[in-house]
Every structure is written in structure tokens, then in C-alpha cells.
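Asker: using only what follows, build the 3D model:
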Amino acid sequence: MAGQAAGTRTSRRSSAGRCPPSTAASSSTPTAAASTSSAASPASISGPTDRARDPHLDALISSALSTIHRALPSPSVSVGGRLCALPDAPDGGGPDRLSCLPDALLRDIISRLPVKDAVRTAALSHRWRPVWLSAPLVLYDAHLLPAPTDDIPSRVKRADSDAAAAAVSVILAAHGGPLRCAYLACGNMDGDRARVARWLQLLAVKGVEELLLINRPPLQIDKHLPATLFSMAALTRLYLCFLRFPATAGLPRGAAFPRLRELGLCSVAMEGHADMDFILARSPELENLCFEGHMFPPLGLRLAGRSLRCVQIHYSKVKSIAVVDAPRLARLIVMNSPLKAGGSCTIKIGNAPSLHLFGYFDPVSHVLQVGSTDIKAGTLVDARAMVPAVKILALKFHFRVRNDAKMLPSFLRCFPNVERLYIHSEKVNEPTGKLNFKFWQEAGGIQCVESRVKQLVFHDFRGENSELAFLKFLVESARVLEKLVIVCADGCFGSVDEANSKVKKNLFAGKKGAGGCALLVLEGAKEKEGAPWPYDRGFDFSRVDPFEFVVPT
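Answerer: Just a heads-up that it's a prediction; the model follows:
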């Protein structure tokens, strides 16, 4: 949708190159590895049956899984591929040439198959059996369901979940080679903690590099994940969902994630800031950090890491974010934090010389502190209260609330070199003052507006006089503005032409029109059509501006 700063995401991203893309075919549904191991079936999961499940909890989890599915990394193999692009031969095939290939090439072939097909190669011949046992696998439990899928299922039948978990246990016990990627998203992990502990031990031994663990109802989250998680020395990417993080108090000095580069915590219970401090201190290569749906206790985050490049916090209760010492931190993205009744979230920017992108600041939810200076309406901003590295800035403001509007000039003066400015105009039910053009003139000059801002994207434009007064002030002040994009709020105009006419009449009718500034007025997204923010937009540094959406040039 044009009205979405994040755009509309149609598929999850592929893995970061460690596991090759799929050329695999889907297959029928017998239990994987049944013929290759005599391992005992795991204990049954405790908890209510499908019929006894709480429908409200199911709906909540289904919604959360839908959001997570759009944002999480995709498994690097697919059940949707084909083993061969050529039609089947009339006689059922020719001679077996594949078995003549070197072991290294056969292992590479197996590593590109969904795990069910990879296991079945052991039945082809004696030649293939030892190859499967040593080939690097990608284990995705959704590929073991009766109807295999590459997606994270929003609902899994109890019997199917149990069967997939049993197959995972058998495969982990039988397979002797490395296991690069494990995506375990279909089972209740509170029901059989001993089984989960065995999985983590085997995954650590097999040198797993990417691990995703999603817990499912009935959720208990009353006990910590095993500290075995910290023995996964090869781990580079970790996502945990609906679980309790391992207790970090008293762990030995060697407990660490020495190679971890990306960490996502989705509705993960933690003991407090000490757990997060432990993770940052014991993850020397961590670059990307994301929180989704963190509720209790409200997060107090201290960002101190020499390798951190991007931190994203979505739909989480956060009481404070302190950038203490993060010399490589380039992106700080804080979106939709619901901590309002309990007070505002304080964002403190200390040592962040590389901070290039910051958003979305919301004066209702956030308090900004730069260095030792609290930024308020009327604050005299000097060099000590500036963040000169920021070039991309995103804000939410209520233009019909006078105190919020008075805050905007002081806030913008903290970022003197902003070149791309994104502003979301928030809906106000009870306005507290009318703000005209004179109000903004009396606010004084703003360095970034006058000499730096080249592109302004104004979201949720309703055509209100307070919005038009600010836009007129900005257009007449911004000497280097090249593009003004206005995205209309849903239902506020009969057509884009009507909105375009109103903007031109109010902003460009005078002698001081924007000169070389290109104007683009777009229709916004319909109510409830907004797509969840996908983590990869922030983590992808090949994308210069993750807030940008496709705009006609």
C-alpha cells in the first residue's frame, strides 16, 4: 500500500546464505525416519485437548503467529519445489547416475531437500544411507505435518503436533552429521521440558547455526529454557517466541553466544534488565537485536555493544532505552510501544556516533534525552544536545495538541543534518488549540529544515488547518527540499485529486512556492490494512532507507 511506510510484505526473507536455496519436491506424509532409528517415542504433551482449548487464547496466538510469520526469516528449503524440471520418462526413468556422484556433491543435494525427503534418501540404496547420516540438514517441523507447509501454521492439531515432535526427536537422535538450521514452530514446549532439553543438547552437539523456537498453547512459561542454549557455540541467528529466557544468574563465565549476529525475542519472559545485560556482554558479534510483544516486566534496555548495528522494538512495553556505548549502532527503530498508563518511555542517546536512522519518536509515549539534556518544548539546544549523524528521522505528532506542536521545533533542532523526514499526523479526538502559520514562524529557524531536508513524507494527512500551516511553514523554509510526498488518511477526501487541489492551493499559491520541489499526493491504506513491520527491513543494510516505500519518480 502506498500509505504504508513499511510497504506490504508478501513473503518472509530467506536465510542469510548459510543454507542453500531449495530445489526440493514435496512428498507424502509417512513419519520421517521411522525406518532409520529405533529411538523411543517422546512423552506425551500435557495440557488440554483440541476441544478443551480456549478459543480466545487460540485467536490471540493465531494473530500473534500471523504477525511473527510475516517478520521472521524463512526456512532455506521449501516443500514447493520440484526434483526435476523434465517430465517423467515413460519407462519410469533411466539409469541411476546420481549415485555415481562424489559424496560431497550428494551431501550438498541432500542439504537442499526438506527433511522428510532428505531422510528418505537413505532408503534409495546402500550408497545413499551413510551420505544422509553425514549431510548437513535443515530441520523445519512444519515440513513434517500431514500437509507440509513453508509457513508458520496458525493452528496445529494436537495429534499432528505430537507426531511432528516425535519425528524431530527421531531425526535428531539418528542423524550424525551437522544440522545447520532448525525451525521448531509446531509444538507445545512447556508440555515436555525433558524432550526440549534433549533437543537443545543434540542441536548444540550438531553445531546448529540458526535456531527458531516457537511455543504453542497451552502456554505456561513458568520455567526457564535450559541453559544448554548458551552451549551453542556455532549459533549465528536465534529467535525465541512465547518462552521464558534461561536464567542467567550464576552461569559460568564460559556461557556465551560467541558467534551470534541476530537475536529476536518475541513475547519472551525475562527476569529484568540483568538478563539483557548478560546477553549483550556475552554476544561479542551481535549486530541485530529485535523485541516483539515484550510485556512483563516492562523493558529497561541498556545498549552497550561494540558490534550492535540495528535495534528494533515493536509492540513492547518499554520504560527506558539507553544508548550507553554503541559506536556502530546505525538504526534505532521503536514502534507502537503501548506503555502509556504506566508512564512514558525515556529514550537516552549517549555514545552513538554512527546513528544514521531514528524513529518513530512520539511525544505522547516518549521522552528524549540527548547526553545530559532533557528535550522539552522551548529547550535551548546546543552542540551537546545534538545527534549530528542522523540523516533519516521518523516522528509521530498531534498537530492539534498545542503542547505536542511546541515540542516539534526543539526536537528537530537535535538532529541538524536530517535529509529524509517522515511525519505521521496522529488523529486527535479532543484538540487543545489551533495552530496557524504564525505559530510556526514564531518558533524560529530550524537548521535541518532550512538547509538539509531533501525529502518529506507526511502520512495520514487529513487536510486540517493545523497540518496545512505546518506544511506551508516547512515548504517556505526548506531551501533544498526536492520531494514532498503527502499520504492521505483513509476516508478524509473524496479523491486524490481533491486532496491534491487542496495542498496546491494552500502550499504553492504564494510567491515563495517550493521552486524545484516535486509534489506527490497519494491515497493511504484502508483502515486495518496495515501490514506488520517486517524485521528484515531494518536489518537489511543494502536498503538505504527502511522507512521508504515505492513512490513513482
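Asker: how about the helices in the stretch 401-550 of the chain?
Answerer: Taking DSSP state H, counting those that start in this stretch as the test, the helices found in the stretch 401-550 of the chain are 402-413, 437-442, 447-451, 465-477, 496-507, 535-539.
Asker: for these, which one ends up most surrounded?
Answerer: When the helices of the stretch 401-550 of the chain are scored by mean count of other C-beta atoms under 10 Å, the highest mean neighbour count falls to helix 535-539 (a mean of 23). (Glycine included, C-beta is placed from N, CA and C.)
Asker: centre of the chain to it, how far?
Answerer: In terms of C-alpha atoms, centre = their mean, to the nearest Å, the centre of helix 535-539 is found 6 Å from the chain centre.
Asker: who are the packing partners of that helix?
Answerer: Packed against helix 535-539 by the contact rule (3 or more C-beta pairs under 8 Å, 6 or more residues apart in numbering; DSSP states H and E) you find strand 288-292, strand 310-314.
Asker: buried residues in the last one?
Answerer: Yep, that's strand 310-314 we're talking about. 310-314 (16 or more other C-beta atoms under 10 Å).
Asker: okay, now the domains of this structure?
Answerer: Following the TED database, one gets these domains for the chain: 101-130, 136-286, 390-527.
Asker: so for the first one, mean pLDDT?
Answerer: Right, domain 101-130. For domain 101-130, the mean per-residue pLDDT is 76.
Asker: same deal with the last one?
Answerer: Taken as a whole, domain 390-527 has an average pLDDT of 86.
Asker: and the buried residues of strand 310-314, which is closest to Asn500?
Answerer: His314 (33.0 Å; C-beta to C-beta).
Asker: quick one on the thing from earlier: can you tell me which of the helices and strands packed on helix 535-539 comes nearest to Ser542?
Answerer: strand 310-314 (12.7 Å).
Asker: partners of the closest one in the sheet?
Answerer: Here strand 310-314 has these sheet partners by DSSP bridges: strand 288-292 (parallel), strand 331-335 (parallel).
Asker: pick the most buried one from those strands.
Answerer: Comparing the strands paired with strand 310-314 by mean neighbour count (mean count of other C-beta under 10 Å), strand 288-292 comes out on top with a mean of 24.
Asker: what about it, distance to the chain center?
Answerer: 6 Å.
Asker: can you give the contact residues for that strand?
Answerer: With contacts defined as C-beta atoms under 8 Å, 6 or more residues apart in numbering, strand 288-292 is touched by 67-68, 71, 261-267, 299, 308-316, 318, 535, 538-539.
Asker: about what we covered before: could you say which of the domains of the chain is packed most deeply?
Answerer: Among the domains of the chain, domain 136-286 has the highest mean neighbour count (mean count of other C-beta under 10 Å), at a mean of 20.
Asker: one step back: the helices of the stretch 401-550 of the chain: which one's closest to Asp275?
Answerer: Relative to Asp275, the nearest member of the helices of the stretch 401-550 of the chain by C-beta to C-beta is helix 535-539, separated by 20.5 Å.
Asker: and the closest one, what's its mean pLDDT?
Answerer: The model assigns helix 535-539 a mean pLDDT of 85.
Asker: list the contacts for the residue lying closest to Cys345 once chain neighbours are set aside?
Answerer: In space, and not counting its chain neighbours, Cys345 is closest to Val318: 4.8 Å by C-beta to C-beta, 6 or more residues apart in numbering. By C-beta under 8 Å, 6+ apart, the residues touching Val318 are 291, 294, 298-301, 334, 337, 339, 345.
Asker: quick one, grab the pLDDT at Val318.
Answerer: What the model reports for Val318 is a pLDDT of 86.
Asker: same question, the one 5 residues further on
Answerer: pLDDT recorded at Val323 is 95.
Asker: redo the buried residues of strand 310-314 as a markdown table? Include distance to Asp141 and pLDDT.
Answerer: Output for the buried residues of strand 310-314, formatted as a markdown table (distance: C-beta to C-beta, whole Å; pLDDT from 0 to 100):
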| residue | distance to Asp141 | pLDDT |
| --- | --- | --- |
| Cys310 | 29 | 97 |
| Val311 | 30 | 96 |
| Gln312 | 26 | 93 |
| Ile313 | 28 | 91 |
| His314 | 25 | 87 |
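Asker: pick the one among those residues closest to Pro217.
Answerer: For the buried residues of strand 310-314, the minimum distance to Pro217 (C-beta to C-beta) is 22.0 Å, reached by His314.
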